[in-house]
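Enquirer: structure for the following, please:
(chains A and B)
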Amino acid sequence: MRFIRFSLLLNTFLNKSNKPKFLKFINIGIFFSLFAISSALITFYIENKIDKLEYSLSENHILQKDNKQTIEHFVQLKVVLKSIMISDKAITELYELTASTKLGQYLITVDDLYLPNLFIEGQESAKLFKEMTEEGLWEGLQEMVSEWFGKESKEYKDYTEALESFYKYVDVYEKDYEKYYDRIFNYDLNIVADEILNKEKSINYWDHEFQKENKKFDKLFYEMFILLEIMEKLFYELSLAYEDDIFKLNKEIVGLSKQESKIIIVAFIFQFIVFIIIQYFEVLSIQPKKLKNAKRKS
Amino acid sequence: MRRGNLNKVSYILIIVSAIFTIVSYISDQLVIRYENNLRLNKFAYQNLDTEIKSLKMISNNLTSLEVESTVIVGAELRERNFWIKNLILFESDKKRFINHKKNINIFIDDDFPIFNIKWRAMQSTKDLIDEVVEIRNSYRNIFNEGIFNNIDFYSVDEFNNNLSGNDWFKKYSDKFYKFKNWDVITSKLYDTEINDLDIKDWADIRNFRLLVAEILFTETKKIMPLIEYVDKIIVDKEYDLEILFFETKKINSYKNYFILTGIISQILTLFFLLILFRYLIKERII
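Expert: As a prediction, this is how the structure comes out:
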């Protein structure tokens, strides 16, 4: 209750005998506030550094996320394409086997077996492949492979060979298969019936352009799978590199945080020592005055 | 110095303390403002992230359906003439086919081979209808998303109309001998005995399957530009998301700086006040 009365507080200050005590408390207060300022400044400095590292860490996380998504797309694309190709091939081989029978050679023609595939592929993927080859996508990826694995690596050599082979067959997409639309979606059964009576379009002679084009597609996809496989390997290794970078950055940030605590403790010890020394000399400077005053009185 | 009167140094110390108090107050206010901005940013980020995930789901589903449709069309086109040629050779009463059949002379002299071919053709027709209905419904589920309401190059209503089959028999009546409507075809496929179907019925079934494949092919061709449209929106939104992300980081950094500035200002205020009291006591002003 005493200290609520302002006049009493003021009298406490004005009392000469209390002044050294107050000075001591004020000095301790100044010491703690200096320590608090220095800790805050140290924290400010180190937080600034950590901030920059966290920024790099965030960037790496985003790159890693994008990379993982790319890998996912590659794998999905490969799996789906391969599944379709395997089942397609199995059915085609079954038809080819059937066509090699006495009955089959009349029933299965190149129009029936190979033309639909050429037509659909030509429609669906032609634009995509055209964009990929014109924009130099494969060459760009080749650069990446060369930078990552090295020009002397097996991966680069395989990639280059596959790419050369790929370009040999990619012209299959330049052909216009849309002109066969009416031939495929033919509702006139008289035309279909006439095919039964001869072996003109039989698939057994392997001399028709549709068969050759179909084989080109098979080879094209085979080379594309090799390219995709090497790219997948590159992205997996890139993913490991990003993980390494993220780990290093995390370690650096944790290191800086620990360093911050240590610096603050060292600063405290240093300031404490300085404060003790200053207090000692201050007390020492007050004591001779007291002795002189005491001597004068006596 | 006279007791009780503040001197120049005292005033300077008071003013410096006041300045740091004001700085501390301003920092606190800025922290509150940045915290608010951070909150708004986080909301925007979460909303955009959810939107992107939804668009990716749409793109992936459309791609999967497109692949499935292409596989169905490819398989159907390869098979389109095989069983009908068998039937024509087996069942046609035209002399040239009868003679040709005799010349080939490899047929099993029984009814079951041709019955098997017919039965398989019937089953695969029913399977085809089921597959197309399933794909159509899957597409319709995706097209319920709001993004498809504002696309000028694609009409969901047109898709629904084309794959509903409502006007197929009217529009393509020249392709069929006997099939005039869905009731007729349903009756032939599900209610009629296989051996009661004649060659014209089988011709109609063959043409019906080819028509289904053609319409599915035409509609599937329109899906790729749609996927590209959605993917482009995804790329744009991901770019915006990245900007929001780094903006959030920046706001967070500023918030932390202002918190530290506020703390330091408060400590400096206290420090200068302590210096002031020390000075006042030492100079015997109080």
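Enquirer: what residues does the stretch 101-250 of chain B have near chain A?
Expert: B:104, B:106-107, B:174-175, B:203, B:206-207, B:210-211, B:213-214, B:217, B:221, B:224, B:242, B:245-246, B:249 (Cβ under 8 Å from any Cβ of the partner chain). Every residue, glycine included, has its C-beta placed from N, CA and C.
Enquirer: buried only: go through these for me.
Expert: Among those, the ones that count as buried by 16 or more other Cβ atoms under 10 Å in any protein chain shown are B:175, B:203, B:206-207, B:210-211, B:213-214, B:217, B:221, B:224, B:245, B:249.
Enquirer: hey, where'd the helices end up in the stretch 1-150 of chain A?
Expert: All helices of the stretch 1-150 of chain A, identified by DSSP state H, counting those that start in this stretch, fall at A:6-14, A:19-99, A:104-107, A:110-113, A:115-124, A:126-134, A:137-149.
Enquirer: and among the ones you listed, the most buried is which?
Expert: Among the helices of the stretch 1-150 of chain A, ranked by average contacts under mean count of other Cβ atoms under 10 Å in any protein chain shown, first place goes to helix A:110-113 (a mean of 23).
Enquirer: and that one, what does it pack onto?
Expert: If contacts are counted by 3 or more Cβ pairs under 8 Å, 6 or more residues apart in numbering or on different chains; DSSP states H and E, helix A:110-113 sits against helix A:19-99, helix A:209-297.
Enquirer: which stretch among those helices comes nearest residue B:44?
Expert: Ranking those by proximity to residue B:44 (Cβ to Cβ) places helix A:19-99 first, at 17.1 Å.
Enquirer: now do the phi/psi pair for residue A:202.
Expert: phi -60, psi 150 (degrees, to the nearest 10).
Enquirer: save the helices of the stretch 1-150 of chain A as JSON lines, and put in mean pLDDT and distance to residue A:207 too.
Expert: Output for those, formatted as JSON lines (pLDDT from 0 to 100; distance: least, Cβ to Cβ, whole Å):
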{"stretch": "helix A:6-14", "mean pLDDT": "59", "distance to residue A:207": "114"}
{"stretch": "helix A:19-99", "mean pLDDT": "87", "distance to residue A:207": "14"}
{"stretch": "helix A:104-107", "mean pLDDT": "86", "distance to residue A:207": "14"}
{"stretch": "helix A:110-113", "mean pLDDT": "90", "distance to residue A:207": "10"}
{"stretch": "helix A:115-124", "mean pLDDT": "85", "distance to residue A:207": "15"}
{"stretch": "helix A:126-134", "mean pLDDT": "74", "distance to residue A:207": "25"}
{"stretch": "helix A:137-149", "mean pLDDT": "90", "distance to residue A:207": "32"}
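Enquirer: from residue A:210, how far out is residue A:118?
Expert: Remark: distance between residue A:118 and residue A:210 (Cβ to Cβ, to the nearest Å) = 6 Å.
Enquirer: just want the residue of chain A that's nearest chain B.
Expert: residue A:116 (3.5 Å; Cβ to the nearest Cβ).
Enquirer: wait, that residue sits on residue B:74?
Expert: Yes. Here residue A:116 reaches residue B:74: they are 6.0 Å apart, a contact under Cβ atoms under 8 Å.
Enquirer: I'd like the helices and strands packed on helix A:110-113 laid out as JSON lines, including distance to residue B:40.
Expert: Below are the helices and strands packed on helix A:110-113 laid out as JSON lines (distance: least, Cβ to Cβ, whole Å):
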{"stretch": "helix A:19-99", "distance to residue B:40": "19"}
{"stretch": "helix A:209-297", "distance to residue B:40": "27"}
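Enquirer: tell me the contacts of residue B:206?
Expert: Residues counted as contacts of residue B:206 (Cβ atoms under 8 Å, 6 or more residues apart in numbering or on different chains) are A:189, B:80-81, B:83-84.
Enquirer: show me where the stretch 51-200 of chain B has its helices.
Expert: Going by DSSP H, counting those that start in this stretch, the stretch 51-200 of chain B shows helices at B:82-91, B:95-104, B:112-143, B:156-164, B:168-171, B:182-186, B:199-221.
Enquirer: please point out which parts of the longest one sit buried.
Expert: When burial is assessed from 16+ other Cβ under 10 Å, helix B:112-143 yields the following buried residues: B:114, B:117-118, B:121-122, B:124-125, B:128-129, B:131-132, B:135-136, B:138-139, B:142-143.
Enquirer: other SSEs contacting that helix?
Expert: Packing partners of helix B:112-143 (3+ Cβ pairs under 8 Å, 6+ apart): helix B:8-79, helix B:82-91, helix B:156-164, helix B:199-221.
Enquirer: make a markdown table out of these and add mean pLDDT and distance to residue A:197.
Expert: A markdown table is the format used below for those (pLDDT from 0 to 100; distance: least, Cβ to Cβ, whole Å):
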| stretch | mean pLDDT | distance to residue A:197 |
| --- | --- | --- |
| helix B:8-79 | 93 | 21 |
| helix B:82-91 | 88 | 9 |
| helix B:156-164 | 90 | 37 |
| helix B:199-221 | 94 | 16 |
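Enquirer: out of these, flag the one nearest residue B:185.
Expert: Closest to residue B:185 of the helices and strands packed on helix B:112-143, according to Cβ to Cβ: helix B:199-221, at 6.4 Å.
Enquirer: could you give the angle of that closest one to helix B:82-91?
Expert: Angle, helix B:199-221 to helix B:82-91, by axes from the mean of the first three to the mean of the last three Cα atoms, to 10 degrees: 170 degrees.
Enquirer: so how far is helix B:199-221 off the chain centroid?
Expert: Put simply, helix B:199-221 sits 29 Å off its chain's centre (Cα atoms, centre = their mean, to the nearest Å).
Enquirer: what helix or strand does the residue of the stretch 151-286 of chain B found nearest chain A sit in?
Expert: Closest to chain A within the stretch 151-286 of chain B is residue B:271: 4.1 Å, counting by Cβ to the nearest Cβ. Take DSSP states H and E as the rule and residue B:271 turns out to sit in helix B:223-282.
Enquirer: that helix packs against which elements?
Expert: Counting contacts by 3+ Cβ pairs under 8 Å, 6+ apart, helix B:223-282 is packed against helix A:19-99, helix B:8-79.
Enquirer: orientation of the last one relative to helix B:223-282 in degrees?
Expert: The one in question is helix B:8-79. Going by the same axes, to 10 degrees, helix B:8-79 makes 170 degrees with helix B:223-282.
Enquirer: so the residue of the stretch 151-286 of chain B closest to chain A sits right up against residue A:32, yeah?
Expert: No. Contact criterion Cβ under 8 Å: residue B:271 and residue A:32 do not qualify, at 9.4 Å.
Enquirer: what's residue B:97 in contact with, if anything?
Expert: Neighbours of residue B:97 in contact, by Cβ under 8 Å, 6+ apart: A:193, A:196-197, B:88-89.
Enquirer: buried among those? Make that a ChimeraX selection.
Expert: In ChimeraX, a selection of the buried entries from these looks like this (16+ other Cβ under 10 Å):
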select /A:193,196 /B:88,89
